[in-house]
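Peer 1: The following comprises the amino acid sequence and a computationally predicted model.
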There are 2 protein chains.
Amino acid sequence: MSLGTTSPATAPLARPLYRHIKVFVREHVESGAWPPGHRVPSENELVSQFNVSRMTAHRALRELQQEGVLARRPGVGTFVREPSRRTSLIDIRNIADEITARGNRHSCSVELKATIIATDQLATAFDLDRGTELFHVVLVHRERTGHDKAVPVQLENRYVNAKVVSDFLEHDFKSSTPTALLLAAIQPDEIEHTVTAIRPTKEHQRLLEVKSGEPCLSLHRRSWSGEHVVTVAELIYPASRYSLHGRHRPANV
Amino acid sequence: MSLGTTSPATAPLARPLYRHIKVFVREHVESGAWPPGHRVPSENELVSQFNVSRMTAHRALRELQQEGVLARRPGVGTFVREPSRRTSLIDIRNIADEITARGNRHSCSVELKATIIATDQLATAFDLDRGTELFHVVLVHRERTGHDKAVPVQLENRYVNAKVVSDFLEHDFKSSTPTALLLAAIQPDEIEHTVTAIRPTKEHQRLLEVKSGEPCLSLHRRSWSGEHVVTVAELIYPASRYSLHGRHRPANV
DNA sequence: AAGTGGTCTAGACCACCAG
DNA sequence: TGGTGGTCTAGACCACTTT
């Protein structure tokens, strides 16, 4: 092959070659087939196996190193890294479990349930093409103490990658929350969250039964499983009714 | 040059070429010479300017994109991204470093600096006997963008265990923030934080120059080193000016 | 000496976007 | 149509580590 031919003539796949190799390695690591410390194929071995140039194999391994999956040592080899021991400030926990653990009763109402086409903004958040199919749900979670009236404690505005969890909308979210269903379907291996304080909109005020002056916490979260962003959620908490808490060891100690 | 000669024969530099380009771009971004939205040189322009191959220029720009410095659009060009004012929920960052990394200028004013005797509440937080000596400082951190006025971005209300960091009050906190000094003195091996949304008090409004209706984030943090609670801090951020961010792998995966 | 990863080149093809 | 970024190749030289 004398020219720099790009897309493989043998496989008309949308995914670039270096991502093929990344997926191949990730699958072995995540399935446990290659445990921590296991030596992964060298660049030259991947060149032979995948019929790619060394630059392509190198890029795949380098990115997995940057993502914390692999450790590389010049002159030695590439190895599967120990999983991070660090715990999260905010683990993904099922709010229904939190409430029942406090001895109170959880309930929720489904305000919206729809299949949508990704807007630009959502496509960026999911790292997908614009126009991809997504599921969208809006729920209000309530907590009831003793015989009092149930109080809204969380507004859940969630989008789900339809390709990854295709049966998501088949549930009614009454017996299990979206969080519980998603955790049962896939194990997230990466989480991102951004916390801000916001003034509730009219819609927030109505659904959460808060006054306009009461500040709310907005927790924006993305969860990955392998290559894919599985779900993007915006969780709004009335500040007077919830706080976020975490305790952990810092990263580099 | 017919062969793939690597390190430039003309410059025996330790830094690889793609990092040269990264530094070049970063310096322009952080100095403000290339403001957000500014178009950065295309790959082909960098090829000419730096006398490198396109792969090398591409790698530099791609990594800066992954690091959140640049945004790239196929068919259009590469642009400087809007810096985000946010801090980490996972480790302890020096706010002065965060601000300078965005290309802005940090300043702070010391509002209070005192030695106090622990109240019941503080003694509990530090897990010490009531009456123990503590240091107490209050600072306002400000950020200045370009030639604008410095804007308050954080109110730091901090208590320090006097036994653990006995020379803490000898600093003026102008050249180094309390965070920087504490990190230099001791390595925290455990962190706890609690995040809430609050309505600013009159004092908050005055020091942070916010209106009463603007919600604020309150980040309450305790840091341990060995057996001792080293410091307890309440960090207040105007919600419109800062958010908290974390991205990590969950613990139990 | 052989193998590893780190870097680099000088080409190439492609999808995309603007004028 | 020409410029942009995205990907890929088939070589290369180097520092490093293990045998």
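Peer 2: Perfect, I can see it now.

Peer 1: Low-confidence regions, chain A specifically.
Peer 2: Within chain A, the stretches with pLDDT under 70 are A:1-14, A:83-91, A:250-253.

Peer 1: domain ranges for chain A?
Peer 2: A:17-80, A:95-238 (automatic domain parsing).

Peer 1: any chance of the ones you listed in a markdown table, plus distance to DNA strand D?
Peer 2: To be clear about C-beta, it is placed using only N, CA and C from the backbone, and glycine gets the same treatment. Shown next, in a markdown table, are the domains of chain A (distance: least, CB to the nearest atom of the strand, whole Å):
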| stretch | distance to DNA strand D |
| --- | --- |
| domain A:17-80 | 3 |
| domain A:95-238 | 11 |
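
Peer 1: Residue B:144: which of those domains is closest?
Peer 2: domain A:95-238 (22.2 Å; CB to CB).

Peer 1: need the domains of chain A in a markdown table with mean neighbour count, can you?
Peer 2: Below are these laid out as a markdown table (neighbours: other CB atoms under 10 Å in any protein chain shown):
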| stretch | mean neighbour count |
| --- | --- |
| domain A:17-80 | 16 |
| domain A:95-238 | 17 |
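
Peer 1: Can I get these in a markdown table including distance to residue B:175?
Peer 2: Shown next, in a markdown table, are the domains of chain A (distance: least, CB to CB, whole Å):
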| stretch | distance to residue B:175 |
| --- | --- |
| domain A:17-80 | 34 |
| domain A:95-238 | 30 |
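
Peer 1: which one of those lies closest to residue B:43?
Peer 2: domain A:17-80 (16.0 Å).

Peer 1: Report the contact partners of the closest residue to DNA strand C within the stretch 151-253 of chain A.
Peer 2: Closest contact between the stretch 151-253 of chain A and DNA strand C, by CB to the nearest atom of the strand, is at residue A:163 (18.4 Å). For residue A:163, the contact set (CB atoms under 8 Å, 6 or more residues apart in numbering or on different chains) comprises A:132, A:133, A:228.

Peer 1: Could you do residue A:41 as well?
Peer 2: Per CB under 8 Å, 6+ apart, neighbours of residue A:41: A:49, A:78.

Peer 1: Show the backbone phi and psi for it.
Peer 2: phi -60, psi 140 (degrees, to the nearest 10).

Peer 1: what does residue A:46 give?
Peer 2: Taking degrees, to the nearest 10 as the convention, residue A:46 sits at phi -70, psi -40.

Peer 1: Format the contacts of residue A:163 as TSV; extra columns: secondary structure.
Peer 2: Below are these laid out as TSV (DSSP: H, G, I helix; E, B strand; the rest coil):
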residue	secondary structure
A:132	coil
A:133	strand
A:228	strand
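
Peer 1: will you turn those residues into JSON lines that also has distance to residue B:74?
Peer 2: Shown next, in JSON lines, are these (distance: CB to CB, whole Å):
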{"residue": "A:132", "distance to residue B:74": "18"}
{"residue": "A:133", "distance to residue B:74": "23"}
{"residue": "A:228", "distance to residue B:74": "21"}
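
Peer 1: ok but residue A:222 is inside a strand, no?
Peer 2: Yes - according to three-state DSSP, residue A:222 belongs to a strand.

Peer 1: sorry, back to before: turn the contacts of residue A:163 into a markdown table, including distance to DNA strand C.
Peer 2: As requested, these are exported to a markdown table (distance: CB to the nearest atom of the strand, whole Å):
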| residue | distance to DNA strand C |
| --- | --- |
| A:132 | 13 |
| A:133 | 18 |
| A:228 | 20 |
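
Peer 1: Residue A:118 contacts residue A:136, doesn't it?
Peer 2: No - judged on CB atoms under 8 Å, residue A:118 makes no contact with residue A:136 at a distance of 10.0 Å.

Peer 1: what residues are up against the closest residue to residue A:111 other than its chain neighbours?
Peer 2: Excluding the flanking residues, the one nearest residue A:111 by CB to CB, 6 or more residues apart in numbering or on different chains is residue A:138, at 4.2 Å. The contact partners of residue A:138, taken as CB under 8 Å, 6+ apart, are A:110, A:111, A:112, A:113, A:155, A:156, A:157, A:158.
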